[in-house]
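J.: fold the stuff below for me.
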Amino acid sequence: MFSMSMLQLRAFDAVVAEGGIGAAARALGVSQPTVSAQLRALEQQHGVRLVERSTGEPTAVGERLREVTAPMIALERAARAVLTEAEGSGDGVFTVAADAPSHLMPVLRGLRPAFPHTVFEVRAMNSSTSLRAVEAGEVDLAIAADVPEAPTLHRRELQRQDLAAVLPVAHPLARGKTLPLAALASETIVAREEGSRTRAALTRAARTQGVALRHAVVADDRETMLAAVISGFGIGILAENEMIDDPRIVMLDLRRPTISLTEHLVCAAHRREEPLLRAAFAVAGG
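T.: Below you'll find the predicted structure:
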């Protein structure tokens, strides 16, 4: 019964942290029906509603419970880290959150020789979600854009990159090499979800330039955004090194103004001296 209760509490905590059942299922690596069943069982056992299904927001009881579950799960993960370190072999699972695997793989490749028995579990999360997951102890490490200074976080800059526009190859604007921001005023946009640093940076620049953006589709990951662009829903915006080789789409540099993001490697500040985390930051730049 206790192990089942822990599963239920993890499911509840993930739903609140991720903002919904679908996102929680992706973060936990399980199906949506599994998360729904665990959350429903927890609520029914205690005769309470913990999460509003229509919004994904916790109820008053849910907010109080999250104050307990977040540190509990963080402590559970920290306990695993202590045991892994004591083994001296680096065995175990090391969980990493990243929006784009291209940013992450060089770091993991650098860690592999020293930690050959570690399983690297990669979770797709936008920057805002990944930072919350780091602070809650739900992931060990994250790569996130424009990470603010905070006493709870340890970060290292990886690279700066510019945003680019992605268009169907048959789009009239696809013949050029650059696209001015003002041109987006007459186009529909395939936007990333709320919490995406790419979306936030584009929105800030458009507001400053007086450019009104019209969203046709809101996609919660890069692959969905690219699929919507290919299907003709509009123009997508992504970081320049996130482009894939696909003959159906082209990428144009977004200009006037150039919009940049800074990618960071980040972990919880109190865990920065753990062997795997210390090694990850060494790989990323010493």
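
J.: tell me which residues of the host helix or strand of residue 155 come out buried.
T.: Per DSSP states H and E, residue 155 falls inside strand 153-168. Using 16 or more other Cβ atoms under 10 Å as the test for burial, strand 153-168 gives 153-156, 158, 161, 163-168. Quick note: C-beta positions are derived from backbone N, CA and C, even for glycine.

J.: same question, stretch 257-268
T.: Applying 16+ other Cβ under 10 Å to stretch 257-268 flags 259, 261, 263-268 as buried.

J.: kindly report the same for stretch 173-192.
T.: Residues of stretch 173-192 classed as buried: 173-174, 179-181, 183-184, 187, 189-192 (neighbour count, 16+ other Cβ under 10 Å).

J.: picking that back up, which one among the buried residues of stretch 257-268 gets closest to residue 49?
T.: The shortest approach to residue 49 among the buried residues of stretch 257-268 belongs to residue 268, at 31.0 Å (Cβ to Cβ).

J.: mind checking how far that closest one is from residue 75?
T.: Using Cβ to Cβ, to the nearest Å, residue 268 is found at 12 Å from residue 75.

J.: between those two, which contacts overlap?
T.: residue 137 (Cβ atoms under 8 Å, 6 or more residues apart in numbering).

J.: okay, now residue 207: neighbour count?
T.: Residue 207 is flanked by 11 other residues according to other Cβ atoms under 10 Å.

J.: looking at this, it is in a helix?
T.: Yes. Under DSSP: H, G, I helix; E, B strand; the rest coil, residue 207 sits within a helix.

J.: for it, which residues are in contact?
T.: Taking Cβ under 8 Å, 6+ apart as the definition, residue 207 has no contacts.

J.: over to residue 184?
T.: Per Cβ under 8 Å, 6+ apart, neighbours of residue 184: 165, 206, 211, 213, 235.

J.: how about residue 120?
T.: Residues 93-94, 96, 108, 111 are the ones in contact with residue 120 under the rule Cβ under 8 Å, 6+ apart.

J.: what's the first helix or strand after the one helix or strand residue 108 maps to?
T.: Assigned by DSSP H and E, residue 108 falls within helix 101-111. Under the assignment DSSP H and E, the closest C-terminal helix or strand after helix 101-111 is strand 118-124.

J.: what is the subsequent helix or strand relative to that following strand?
T.: Next along the chain from strand 118-124, counting by DSSP H and E, comes helix 127-136.

J.: now the element after that next one, going C-ward?
T.: From helix 127-136 onward toward the C-terminus, using DSSP H and E, the following helix or strand is strand 141-145.

J.: count the residues that sit near residue 206.
T.: With other Cβ under 10 Å as criterion, residue 206 counts 18.

J.: grab the nearest non-local neighbour of it.
T.: In this structure, residue 206 finds its nearest non-sequential neighbour in residue 213, 5.2 Å apart by Cβ to Cβ, 6 or more residues apart in numbering.

J.: would you check how far apart that neighbour and residue 152 are?
T.: 33 Å.

J.: more neighbours: which of those two?
T.: residue 213 (18 against 10).

J.: what's that one in contact with, if anything?
T.: Here residue 213 is in contact with 184-185, 189, 191, 202-203, 206 (criterion: Cβ under 8 Å, 6+ apart).

J.: and residue 70, what is it in contact with?
T.: 13, 17, 136-137.

J.: which one of those is nearest to residue 248?
T.: The closest of those to residue 248 turns out to be residue 17 (Cβ to Cβ; 35.3 Å).

J.: that closest one: neighbour count?
T.: Residue 17, neighbours per other Cβ under 10 Å, totals 21.

J.: what's next to the helix or strand containing it, contact-wise?
T.: For residue 17, the host element (DSSP H and E) is helix 2-18. Helix 2-18 has contacts (Cβ under 8 Å, 6+ apart) with 21, 24, 26-28, 34-35, 38-39, 41-42, 50-51, 56, 58, 62, 65-66, 69-70, 72-73, 129, 132-133, 136, 138.

J.: and stretch 244-253, by the same measure?
T.: 162, 164-169, 171, 173-174, 176-179, 226, 229-230, 240, 243.

J.: repeat the analysis, applying 6 Å as the threshold.
T.: 164-167, 169, 174, 178-179, 229-230, 243 (Cβ atoms under 6 Å, 6 or more residues apart in numbering).

J.: gap between stretch 117-131 and the chain center?
T.: Put simply, stretch 117-131 sits 7 Å off its chain's centre (Cα atoms, centre = their mean, to the nearest Å).
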